[in-house]
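A.B. asks: quick one: sequence plus predicted model below, questions after.
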Amino acid sequence: MSGDHSEPPADPLLAVEDLRTLIRADRGTVRAVDGVSFAVDRGEAVCLVGESGSGKSVTCESLTGIVPQPPAEIVGGSVTFDGIDLRAADTDRSAIRGARIGHVFQNPQHALDPVYSVGDQLVEAITIHREVDEATARERSIDLLGRVGIPRAAQRVDDYPHEFSGGMAQRVAVAIALAAEPDLLIADEPTTAVDVTVQARLIDLLRGLLDDGMGLLLITHDLRVVAALADRVLVMFGGTIVERGPVEAVFDRPAHPYTQALFDSYDGTTRLAERPSRDELPADGCRFRAECPHAVESCAGGEQPGFHTVGDGAGTDDHAASCVYYGDGYDAEVIQSAGRAVQQSATGDDDD
């Protein structure tokens, strides 16, 4: 009998375990990131979805320690990037940020320095991390501007941030994040301010980089972008992940009541409106229970419910939800039938 010569699975590029970040404000302490765990593999796109205030941006900024401290404080969890403990006191995170982990911020006008041309900022981003001369860095800067869809890149490279529209500034921010050819790109709403033609161009660019092995952690409200780019989806609410799974499974069979409510606020892939604002979230149990139409007594108390495999017939154990209904003693069909109704409403399909 021949032995098993299969290679063990490679460690993920990014591994996050039980990450917790508090934000201390006058009105009290907010658990902005509350026990978040996930991984991103090389060549994989993982998308964080959820409404404003769900903790997506704070999660991403906590990974490399760029979340403003104070008022924020990272109080627990581990972040490992390519075998490096990013939370260790002796780790030089500044040598990793920009060089190996690129970051596209949500507001590009605040991320760009108004007193330097975009070319100067691109050249700096390249030369600080790569041993190339300024002439070579300038050539790469022009190439990057062209790749992200800036017309007449050779002329615009010497313009200043205020001379660019919001959509063009967003593209410049993407170019700067890619300047040092990072292993991981964290992109916070990278296509929000651009038209559909430029959006398609950026998606093609990111797909090519994924094919070359770059990992992508994406935040977006645009479900079209999620469908076009993501391999896996993480749904966030109240600072924690409530559902996770392959993009097809989550889109076709939304399994958590919050995911269903979120998807129901879209007409297909177009956002209808923000969901109504709410009072302070529950401090224990399921963070969504105050709004959940299926909430029961066991949804309260203790920590956020653990993850259960959805068991929706998709043939994968990767689709899981943080909901008591998928545990023993509950009828998961109650939630799954609601998910099918949301999916049918979004696509216009009806059961036979």
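C.D. replies: On my side now, so go ahead. Numbering: from 1, shown residues only.
A.B. asks: when you work out contacts or count neighbours from here on, use the C-alpha atoms and nothing else.
C.D. replies: Noted.
A.B. asks: where does pLDDT dip in the protein?
C.D. replies: 1-9, 267-279, 312-317, 345-352 (pLDDT under 70).
A.B. asks: now do the helices in the chain.
C.D. replies: Assigned by DSSP state H, the helices in the chain fall at 56-63, 108-111, 118-127, 134-147, 153-156, 166-177, 196-211, 223-229, 247-252, 257-264, 333-347.
A.B. asks: distance between the first one and the chain's centre?
C.D. replies: Helix 56-63 has its C-alpha centroid displaced from the chain centroid by 9 Å (C-alpha atoms, centre = their mean, to the nearest Å).
A.B. asks: try the fourth one
C.D. replies: Mean-position distance between helix 134-147 and its chain equals 27 Å (C-alpha atoms, centre = their mean).
A.B. asks: ok, now the fifth one?
C.D. replies: A distance of 31 Å separates the centroid of the chain from that of helix 153-156, by C-alpha atoms, centre = their mean.
A.B. asks: who's in contact with that helix?
C.D. replies: Helix 153-156 is contacted by residues 142-143, 145-146, 150 when judged by C-alpha atoms under 8 Å, 6 or more residues apart in numbering.
A.B. asks: if we go to 6 Å?
C.D. replies: Applying C-alpha atoms under 6 Å, 6 or more residues apart in numbering, the contact partners of helix 153-156 are 142, 145-146.
A.B. asks: dump the residues you listed to TSV, plus neighbour count and distance to V157.
C.D. replies: Below are the contacts of helix 153-156 laid out as TSV (neighbours: other C-alpha atoms under 10 Å; distance: C-alpha to C-alpha, whole Å):
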residue	neighbour count	distance to V157
I142	22	6
L145	26	8
G146	19	10
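A.B. asks: neighbours of the closest residue to P246 other than its chain neighbours, how many?
C.D. replies: Spatial nearest neighbour of P246, chain neighbours left out: R232 (4.3 Å); criterion: C-alpha to C-alpha, 6 or more residues apart in numbering. R232 has 23 neighbouring residues, counting by other C-alpha atoms under 10 Å.
A.B. asks: surely R232 and V247 touch.
C.D. replies: Yes. If you go by C-alpha atoms under 6 Å, R232 and V247 touch, sitting 4.9 Å apart.
A.B. asks: outside of stretch 123-136, which residues touch it?
C.D. replies: 99, 137-138, 179-180.
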